[in-house]
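J.: Mind folding the following:
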Amino acid sequence: MTETEENILPPSAARLAESLRDTGYTFTTSVADIVDNSVAADATNINISLDLELGQHPVLMIADNGRGMSEDELQKAMAYGSPKRPDPKSLGKFGMGLKTASTSFCRRLTVISRKDGAINLRQWDLDVIVAKDKWLLLQPDEKDYSEAIEFMDQVAGGESGTVVIWENIDRLVRTHASGTMRTQINSIREDLKDHLSGVFYNFLEKENDFPDITININDASIEPWDPFCRWMNSDGSSRVEIHKQEPVDYTSTKAGVSEVMGTFHINVYILPNKNTLSSEEVNKSRYSLDNQGFHIFREGRMIFSGGWPNRLFVKDPHLNLIRVELSFDHKLDDIFQIDIKKSRIDFPKNIQELLKKIITPPRREAQKRYRSGTQDSNTSGYTKLGQQHEKASNAIGKHHEETTAQSQIGSTDREAGTAQITNQFGVSNVRLQFNDSPNRVVQTSSSLQDGVLWTPGLIEGNKHAVFLNESHEFYKRFYLANQDNSTLILAMDSLLWSLAEAELCVYSDTVKRNLEEMRISVSRSLRTLAEELPDIDDSENDIDDEQNNG
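T.: I've put the predicted structure just below:
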């Protein structure tokens, strides 16, 4: 086919510029992407200013003392899909981050750079692009950005440097009330501080082989955050148990010939139990469900923090003590499928299997250490809950005959765990939990079959009851968090007791499997949703998640 002008189909500038705003950046990942460019430019000082202009409009400025850009270099940098950097190690990898990260949150992006004494300015204004439907790269008046230039010169000492300015920020705060907006901006700054402290840990930490940088947000210096808490061992102790591994060569075989594509490093760290840490150490370690698992670094820059890629394992409080360090260089970018935001990673199947094999032994040790440290501390919480369940039982018991009138229990077989039940649908045999000692109608058990949260049961012969699974994640997250709140405990006990009773009211041989599956399904969903509830201090039972499939 002959190339003619008719074959060239340029995209609509207006449509594409708006579409590229939705590439999935969060505010913290977008700012980190801009800082990548500063690090790639050999900057040692990076200052970030996020504030409200005239008390109403948020403005972001990121200045550095890097190499700076000439007019030609700046224009190329502002191009969508800018030229490939000569150094493949560069943190600025795709030639898109400056633009897509910025316009994900602002409608006007201005970059000012000083090099060889000359100041160069260029600007993308989405409102202009949309109005003209053209890629119009603007050159604003230097006088309009005197404050930004002064900010850059403070960071760069009047030498080479760059400042990135976001204006017309329309996707950051959710209100136009100045007081609330100020509160949101302050909170956003704190989140950004936490994020950058981990992402650029290796560059902020001075005792390593990576280039040293300092990052300030509104004049407050960012301290490096070590996700592996190696500072706990600085006194010569071994509070953090380190499982070092040999470097792993990733090979590719073509035509029967194996070639090493690159090398990655992996180490596993087991933290001390939370109940052995001071409150300051808990905060510094960022002890939580969100920070267990992998923390992955490309060329020293963190690209993934907390969790289990490819669902190698499921987030579980029993794994809160384990953190995995994986680091690799640019040679394995394609293997790990790094995305444009440098925040997602995908392990090939063979690496998944290798990682599971490496992690499983220390994972078991971390679970063992976690359980041994929480077993004693469970006692007081569950004792207090027992008292609350007793209060709820007394309240429910007042209405026992009234609320169980639609289902009557006949003969029982304790060994088989079954009872005969009569309701409006006839007579059936139902599988139930039993406790023949005189006790409350709300019972607790260390575990229940199929890992469910609740199940119907009988006490004192044929008295209806509900049994609750103390090892279920929802029980631990909800009940232990509210052990002092009698009203909430009564409400939840009443709900689960009513669900158990409802099963008995509609139970029949034709629907029994459906009812059991419903209870399993609800319990499984609640186990997942419980991850969104606050983590409970040392409240989990001594039980492996593998024993519970609900």
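J.: which secondary structure elements does the helix or strand bottoming out on mean pLDDT in the chain contact?
T.: Counting by mean pLDDT, DSSP states H and E, the chain has its least confident helix or strand at helix 378-397, which shows a mean of 81. Here helix 378-397 touches strand 442-445, helix 486-506, going by 3 or more CB pairs under 8 Å, 6 or more residues apart in numbering; DSSP states H and E. C-betas here are computed from N, CA, C, even on glycine.
J.: which secondary structure element contains Ala14?
T.: If you go by DSSP states H and E, Ala14 is part of helix 13-19.
J.: just how off-centre is the helix or strand that that helix is followed by within its chain?
T.: Once helix 13-19 ends, the next helix or strand along the chain (criterion: DSSP H and E) is helix 27-40. Here the centre of helix 27-40 is set off from its chain's centre by 19 Å, with CA atoms, centre = their mean, to the nearest Å.
J.: So which other helices or strands are in contact with helix 27-40?
T.: Helices and strands touching helix 27-40, by 3+ CB pairs under 8 Å, 6+ apart, are strand 45-53, strand 57-64, helix 97-103, strand 161-169, helix 178-199.
J.: can you list those in a markdown table and add mean pLDDT?
T.: As requested, the helices and strands packed on helix 27-40 are arranged in a markdown table below (pLDDT from 0 to 100):
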| stretch | mean pLDDT |
| --- | --- |
| strand 45-53 | 95 |
| strand 57-64 | 96 |
| helix 97-103 | 92 |
| strand 161-169 | 97 |
| helix 178-199 | 91 |
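J.: looking at the ones you listed, which is closest to Asn429?
T.: Of all the helices and strands packed on helix 27-40, helix 178-199 sits nearest to Asn429, with 56.1 Å by CB to CB.
J.: Alpha carbons only: can I get the closest one in CSV?
T.: Listed next in CSV are the C-alpha coordinates belonging to helix 178-199 (Å, rounded to 0.1, in the frame of the first residue of the first chain):
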residue,chain,number,x,y,z
SER,A,178,-12.4,26.6,52.1
GLY,A,179,-12.2,25.2,55.6
THR,A,180,-13.0,21.6,54.5
MET,A,181,-10.7,22.0,51.5
ARG,A,182,-7.8,23.1,53.7
THR,A,183,-8.4,20.0,55.9
GLN,A,184,-8.4,17.8,52.8
ILE,A,185,-5.2,19.3,51.4
ASN,A,186,-3.5,18.7,54.7
SER,A,187,-4.6,15.1,54.7
ILE,A,188,-3.5,14.7,51.0
ARG,A,189,-0.1,16.0,51.9
GLU,A,190,0.3,13.5,54.7
ASP,A,191,-0.7,10.6,52.4
LEU,A,192,1.8,11.9,49.8
LYS,A,193,4.5,12.1,52.4
ASP,A,194,3.9,8.4,53.4
HIS,A,195,3.8,7.2,49.8
LEU,A,196,7.0,8.9,48.7
SER,A,197,8.9,7.8,51.8
GLY,A,198,8.4,4.2,50.7
VAL,A,199,8.6,4.6,46.9
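J.: picking that back up, now the helix holding Ala14: buried residues?
T.: For helix 13-19, the neighbour count (16 or more other CB atoms under 10 Å) marks 13-14, 17 as buried.
J.: Quick one: residues in contact with stretch 398-407.
T.: Applying CB atoms under 8 Å, 6 or more residues apart in numbering, the contact partners of stretch 398-407 are 396, 421-424, 441, 463-464, 498, 501, 504-505, 507.
J.: coming back round to it: what's the helix holding Ala14 packed up against?
T.: Helix 13-19 packs on helix 126-132, going by 3+ CB pairs under 8 Å, 6+ apart.
J.: got the contact list for the nearest residue to Ser38 once chain neighbours are set aside?
T.: Leaving aside its sequence neighbours, Ser38 sits nearest to Asp64 (CB to CB, 6 or more residues apart in numbering; 3.8 Å). Each residue near Asp64 by CB under 8 Å, 6+ apart is listed here: 38, 41, 43, 45-47, 155-156, 161-163.
J.: give me the low-pLDDT residue ranges for this protein?
T.: Filtered on pLDDT under 70, the chain yields the residue ranges 1-6, 55, 82-95, 175-179, 339-344, 372-381, 437-438, 534-550.
J.: State which strand of this protein is the longest.
T.: For the chain, the strand that runs over the most residues, judged by DSSP state E, is strand 257-270.
J.: for it, which positions count as buried?
T.: 262, 264, 266-270.
J.: Kindly report the same for stretch 502-520.
T.: Neighbour-count burial for stretch 502-520, counted by 16+ other CB under 10 Å, picks out 503-505, 507-508, 515-516, 519-520.
J.: could I get the buried residues of strand 257-270 as a markdown table with distance to Asn216?
T.: Formatted as a markdown table, the buried residues of strand 257-270 follow (distance: CB to CB, whole Å):
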| residue | distance to Asn216 |
| --- | --- |
| Gly262 | 34 |
| Phe264 | 32 |
| Ile266 | 33 |
| Asn267 | 31 |
| Val268 | 34 |
| Tyr269 | 29 |
| Ile270 | 34 |
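J.: The longest helix belonging to the chain to helix 378-397, inter-axis angle?
T.: Counting residues, the longest helix found in the chain (DSSP state H) is helix 349-374. If you take axes from the mean of the first three to the mean of the last three CA atoms, to 10 degrees, helix 349-374 sits at 80 degrees to helix 378-397.
J.: Which elements pack onto helix 349-374?
T.: Contacts defined by 3+ CB pairs under 8 Å, 6+ apart place helix 349-374 against strand 241-244, strand 257-270, strand 322-328.
J.: Parallel or antiparallel, which strands does the second one pair with?
T.: Partners of strand 257-270 in the sheet, by DSSP bridges, are strand 241-244 (antiparallel), strand 248-254 (antiparallel), strand 322-328 (antiparallel).
J.: which residues in the stretch 401-550 of the chain form strands?
T.: Under the criterion DSSP state E, counting those that start in this stretch, the stretch 401-550 of the chain carries strands at the ranges 408-413, 418-423, 426-431, 433-435, 442-445, 454-459, 463-469.
J.: Give me the contacts around the third one.
T.: What it means is strand 426-431. Identification of contacts with strand 426-431 by CB under 8 Å, 6+ apart yields 410, 417-421, 456, 504, 507-509, 512, 516.
J.: So which of those is the closest to Asp450?
T.: Glu516 (7.7 Å).
J.: contacting residues around that closest one?
T.: Glu516 neighbours (CB under 8 Å, 6+ apart): 431, 450.
J.: do you know how far it is from Thr455?
T.: As judged by CB to CB, to the nearest Å, Glu516 and Thr455 stand 9 Å apart.
J.: Provide a list of residues in contact with the closest residue to Trp135 other than its chain neighbours.
T.: Computed as CB to CB, 6+ apart, the closest residue to Trp135 that is not its neighbour in sequence is Ala13, at 4.8 Å. Counting by CB under 8 Å, 6+ apart, Ala13 touches 129, 132-135.
J.: The same query, at a cut-off of 7 Å, please.
T.: With CB atoms under 7 Å, 6 or more residues apart in numbering as the criterion, the residues that contact Ala13 are 129, 133-135.
J.: now the helices and strands packed on helix 349-374 as CSV including distance to Ala491?
T.: Output for the helices and strands packed on helix 349-374, formatted as CSV (distance: least, CB to CB, whole Å):
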stretch, distance to Ala491
strand 241-244, 42
strand 257-270, 39
strand 322-328, 36
